[in-house]
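Undergrad: attaching a predicted model along with its sequence, questions to come.
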Amino acid sequence: NAGVTQTPKFQVLKTGQSMTLQCAQDMNHNSMYWYRQDPGMGLRLIYYSASEGTTDKGEVPNGYNVSRLNKREFSLRLESAAPSQTSVYFCASRPTGGGNQPQHFGDGTRLSIL
Amino acid sequence: RKEVEQDPGPFNVPEGATVAFNCTYSNSASQSFFWYRQDCRKEPKLLMSVYSSGNEDGRFTAQLNRASQYISLLIRDSKLSDSATYLCVPHSGNTPLVFGKGTRLSVIA
């Protein structure tokens, strides 16, 4: 009963290092999303993938790249980490096809950039 | 105009109290409506979907007023475990959900 799985759960990086955050879902959902959440703020969308093979920018894409590896997996890459990217990162997935379909979230990756 | 407007709170209520949160949304094309709860530094979790006729799940009741573009959540008999941030999320089509800062609830013993 895994749902959305994110790895790692915690990571500390030095400025300039690169890092890939992994996300996988086992619910056969078409759409997947990456959000970041800073203290006292709402979730902000970084990138999303409406279906396998497509990706689109969200509200705050600068400094990030994504890969929709297959239907299950959607990774987020920081090529050159900056302290401003210190945040909690949430991956989510959602079935498409209309109707009342909520998003399901992983339990987050807590990332600190020194 | 913001997509969603909620009173950020905090709402500090005693155990057993009834508390109501309101939310207004700007996109009249919104078709689906959700309430999520988020505990401090944890992932948002779906509390309930909101249906046109209103719906109830135990101590929680959600109402939708499309004409006024207004959604409400009522929590009866508040428990300490209800302390969290409550996020109102209207949605249209297959676009990503947009989350505001929500309303913070603190239930006090």
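TA: Perfect, thanks for sending it.

Undergrad: when you work out contacts or count neighbours from here on, use the C-alpha atoms and nothing else.
TA: Will do.

Undergrad: what about the closest residue to residue A:13 other than its chain neighbours, distance to residue A:28?
TA: Once flanking residues are discounted, residue A:13 sits nearest to residue A:113: 4.8 Å by C-alpha to C-alpha, 6 or more residues apart in numbering or on different chains. In this view, residue A:113 and residue A:28 are 33 Å apart by C-alpha to C-alpha, to the nearest Å.

Undergrad: and what of residue A:96?
TA: 10 Å.

Undergrad: how about residue B:104, nearest residue that isn't a chain neighbour?
TA: residue B:85 (4.2 Å).

Undergrad: surely that neighbour and residue B:35 touch.
TA: No: applying C-alpha atoms under 8 Å as the test, residue B:85 and residue B:35 come out as separate, 10.3 Å apart.

Undergrad: hang on, the earlier thing: if you count what's nearby, which of residue A:113 and residue A:28 comes out ahead?
TA: Using other C-alpha atoms under 10 Å in any protein chain shown as the criterion, residue A:113 and residue A:28 rank with residue A:113 on top: 17 against 12.

Undergrad: element containing residue 12?
TA: I went with chain A, as the question did not name one. strand A:10-13 (DSSP states H and E).

Undergrad: could you do chain B instead?
TA: Residue B:12 belongs to strand B:11-14, assigned by DSSP H and E.

Undergrad: packing partners for that strand?
TA: Using 3 or more C-alpha pairs under 8 Å, 6 or more residues apart in numbering or on different chains; DSSP states H and E, the elements in contact with strand B:11-14 are strand B:103-108.

Undergrad: and the residue of chain B nearest chain A?
TA: Taking C-alpha to the nearest C-alpha, chain A has its nearest neighbour within chain B at residue B:101, 4.2 Å off.

Undergrad: for that residue, helix, strand, or coil?
TA: In the three-state summary, residue B:101 is assigned as coil, counting by DSSP: H, G, I helix; E, B strand; the rest coil.

Undergrad: now it, nearest residue through space, not along the chain?
TA: Nearest one to residue B:101, counting by C-alpha to C-alpha, 6+ apart, is residue A:42 at 4.2 Å.
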